[in-house]
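>>> Quick one, fold the following:
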Amino acid sequence: MTLALNIIFLIASIGLIASVLLQSSKSSGLSGSLGGGSQTMFGKKKGIEDFLSKLTIVFAVLFVVLAIALTSLIA
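Modelled structure (predicted):
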C-alpha cells in the first residue's frame with residue numbers, strides 16, 4: 001500500500017511541476033508592456049490557461065493529501 005501511494009505521490013509531484021511550468025507568466029509593469037504586451041492581448045488561448053490552472057489545483061490538492069497520508073503511515 002505504501003509503495004502504491006509513493007508512486008502516486010511521485011506522479012502527482014511531477015504533474016504539479018509540469019503544470020506550473022507550462023503556464024504562461026502574467027508579466028506586468030514596464031517589462032510586460034515593452035516585451036510581450038501585444039502578444040498577450042491578441043494571442044492568448046484562454047481555454048488552455050483555464051485548463052492548466054484547474055489541473056494545477058488538482059495536482060496541488062492531491063500532492064498535499066498524499067503527503068499527509070504518507071506521513072501518517074510512516075509515523
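>>> Going by C-alpha atoms from here, please, whenever you check contacts or count neighbours.
Fine.
>>> which parts of stretch 49-57 are buried?
52, 56 (16 or more other CA atoms under 10 Å).
>>> can I get the CA coordinates of it in CSV?
Coordinates of each C-alpha in stretch 49-57 appear next as CSV, following Å, rounded to 0.1, in the frame of the first residue of the first chain:
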residue,chain,number,x,y,z
GLU,A,49,-4.9,28.7,-19.5
ASP,A,50,-8.0,27.7,-17.6
PHE,A,51,-7.3,24.0,-18.1
LEU,A,52,-3.8,24.4,-16.8
SER,A,53,-5.0,26.4,-13.8
LYS,A,54,-7.5,23.8,-12.8
LEU,A,55,-5.0,21.0,-13.4
THR,A,56,-2.5,22.7,-11.1
ILE,A,57,-5.2,22.9,-8.4
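>>> got the contact list for residue 56?
The contact partners of residue 56, by CA atoms under 8 Å, 6 or more residues apart in numbering, come to 16, 19-20.
>>> and these as JSON lines, adding distance to residue 60 and secondary structure?
Output for these, formatted as JSON lines (distance: CA to CA, whole Å; DSSP: H, G, I helix; E, B strand; the rest coil):
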{"residue": "16", "distance to residue 60": "6", "secondary structure": "helix"}
{"residue": "19", "distance to residue 60": "10", "secondary structure": "helix"}
{"residue": "20", "distance to residue 60": "10", "secondary structure": "helix"}
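>>> nearest to residue 54, of those?
Closest to residue 54 out of those is residue 19 (9.5 Å), distances taken as CA to CA.
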